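A.B. asks: heads up, no residue letters with this:
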């Protein structure tokens, strides 16, 4: 028998050996989640559950295989026959055995991504959609929209309003295409990846006998990374457990609500938060001992998490008492931030191997300036999550424009520019290029008449060429604005993101005096070396970094509107997910964690720099937890208070007042303690913000505040003195001084002064 008590800590032992189910294991970052699951598998088998009676559901086949391998190493008889794999592979195996009624006796197949692309293109051509309209979303983008609608279980119109308002003009055509795609699949008896889960659910709901058969077969169900499940996956777990049929529910789910960061894929944090309600009597065990990070790092991570509006109460701790302090460095600008981080990486390379150093950021474009700095220093790096700036097609287009400003006969750049326009292929491009080189006026006149769009761009470049003494930032800005209509036409599905990339390129040019020097540095990177080479510094988005760890982690661009993103400021659920991203980023570090915040950011409107506020997540930090540094104009850093500014720790970040958070008391004693939520399992209404669209007509009284009271009554209560306090996501708690117009409140925020803010962005409180 395995000596579980000696091999596991107290919480892990309880989780691995508990007899009662259902159960939720809240596994904090670095707390040995996989180890706990492995020993749980071993314990079940040692206590009479056959491997064939265990179902292990994970999000990658690799994760399932690793867990089964490790469990098999613990047991003399191994784990042969154990069903382990992804939700989708399990769904496929069941659907093969129990055929859905609509398939009758027909065999069915599952399409891969290439098959999907071909089918959707066929449907698009049959409907004559997008013919001659280059702004119509590309087929691959449409596949992404269909998948999001399925996984988020949202109507297309609703999804576009939230995530792609620039595509709303095509909503009806896209809906026709989606309907045709669905009809094609049923007609041809084919399924795509997302269909598998919904078809399994439909089968289990329409054929109770199949559900009973599966429940009789599996005596134990384990689900890994439960915080990443979507709505249909959670329903499948519930059906398989038999909880709705009054059965015990032989299911154990493992996850961490604080690491739920994939809502864009359809994952919903409510699945893990609601588990104790959906599975009455569920045991809850929290794994809090961290085996990865030092105490200073965990103190910062715990502080970030303490302000969450919802979650399970947990505080990570470690036996590692050593460790450097967490450093917060405020840089003069985003450009100087890149220089400071590059220099710091060079120093860290004296201590750590390159692949044990990582720079993390919220969005792919935020590393562009750093990439240039590393290239200049000859520091090799790998980037995960987002392309390198020199690899993105739209950035390459703008670079081609700029090269032609410097050298009008740059042949590769000319071919790239010409290919952007309709009716111009390689041969036509070569003919136009040859005529330009020869100065053939007659030929050029004919070509200009036939390809007017291209020649308009060439005329524009000639004009730019006459102003080469202007600042590179100005020239890049003009090129980007000229290219903008093409950008919209070529990449309609994600135009806003690509435009942000180009604005960052303009920002990169701000520190240069000559355009040719800027271009030279842009292209400085040497050709990619063998992909198998691992000795490189890691640059990664936080989403791509989940599940990984490094000795040293540098987290950059911690400024308002950068992290959290400006889009998250309008919705509480997105804002809380941004907080969880911050927590995930901090807990990737083993020994060194440094936080970088630029005091100014490039502004595309003015072409200069604008002051930047610290990220709200930094403003919430207890100043005693970080060593604070500020950059002087000589590029030197000195210890100087960056946090505080008259603001009490924990006031901001839109954290709900004490007692109003949706916070589960994760079981530390016997059994479980249900979360201290409202009766409906939601955050108390008084802690919710006014919705953005709830005060469109405040004067008319058809809007409401967070408690359902008409907004005009809220204003009346302010006038009568019944309401005198408010909270703002950025500025924290403030005193209401009065109202302005029909939709704004005037309030005084300590450390920030008097602000006039649209009421829908505030929480209103009593005296």
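C.D. replies: Received the coordinates, thanks. Fair warning: this is a prediction, and the values are worked out from it, not measured in the lab.
A.B. asks: need the three-state assignment for residue 518.
C.D. replies: Counting by DSSP: H, G, I helix; E, B strand; the rest coil, the backbone at residue 518 sits in helix.
A.B. asks: what's the nearest residue to it once chain neighbours are set aside in contact with, if anything?
C.D. replies: Nearest in space to residue 518, with sequence neighbours left out and distances taken as C-beta to C-beta, 6 or more residues apart in numbering, is residue 512 at 4.1 Å. Where C-beta positions appear, they are placed from N, C-alpha and C, glycine not excepted. Contacts of residue 512 were listed using C-beta atoms under 8 Å, 6 or more residues apart in numbering, and they are 471, 472, 473, 518, 521.
A.B. asks: was I right about the fourth one contacting residue 506?
C.D. replies: No - taking contact to mean C-beta atoms under 8 Å, the distance of 10.4 Å between residue 518 and residue 506 leaves them out of contact.
A.B. asks: quick one: common contacting residues for the two?
C.D. replies: residue 476.
A.B. asks: and residue 427, how many residues sit next to it?
C.D. replies: 8 (other C-beta atoms under 10 Å).
A.B. asks: center of this protein, which residue is that?
C.D. replies: residue 543 (5.3 Å; C-alpha atoms, centre = their mean).
A.B. asks: find me the pLDDT at residue 714, would you?
C.D. replies: Residue 714 carries a pLDDT value of 69.
A.B. asks: cool, and residue 646?
C.D. replies: As predicted, residue 646 sits at a pLDDT of 32.
A.B. asks: ditto for residue 685
C.D. replies: With respect to pLDDT, residue 685 has a value of 29.
A.B. asks: residues making contact with the helix or strand hosting residue 487?
C.D. replies: Here residue 487, judged by DSSP states H and E, is contained in helix 472-490. Identification of contacts with helix 472-490 by C-beta under 8 Å, 6+ apart yields 134-135, 394, 397-398, 401-402, 405, 420, 457, 460, 464, 467-468, 495, 498-499, 502-503, 505-507, 509-510, 512-515, 517-518, 604, 607.
A.B. asks: buried ones from those residues, can you make that a ChimeraX selection?
C.D. replies: Burial among the contacts of helix 472-490 is assessed by 16 or more other C-beta atoms under 10 Å; the matching ChimeraX selection reads:
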select :135,394,397,398,401,402,405,420,457,460,464,495,498,499,502,503,505,506,507,509,510,512,515,518,604
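A.B. asks: which of the contacts of helix 472-490 fall within helices?
C.D. replies: 394, 397-398, 401-402, 405, 457, 460, 464, 495, 498-499, 502-503, 505-507, 509, 515, 517-518 (DSSP state H).
A.B. asks: residue 288 touches residue 28, doesn't it?
C.D. replies: Yes - between residue 288 and residue 28 there is a contact under C-beta under 8 Å: 5.3 Å.
A.B. asks: between those two, which contacts overlap?
C.D. replies: 314, 316.
A.B. asks: which one's more surrounded, the two?
C.D. replies: Legend: neighbour count by other C-beta under 10 Å for residue 288 and residue 28, higher for residue 28 (28 against 20).
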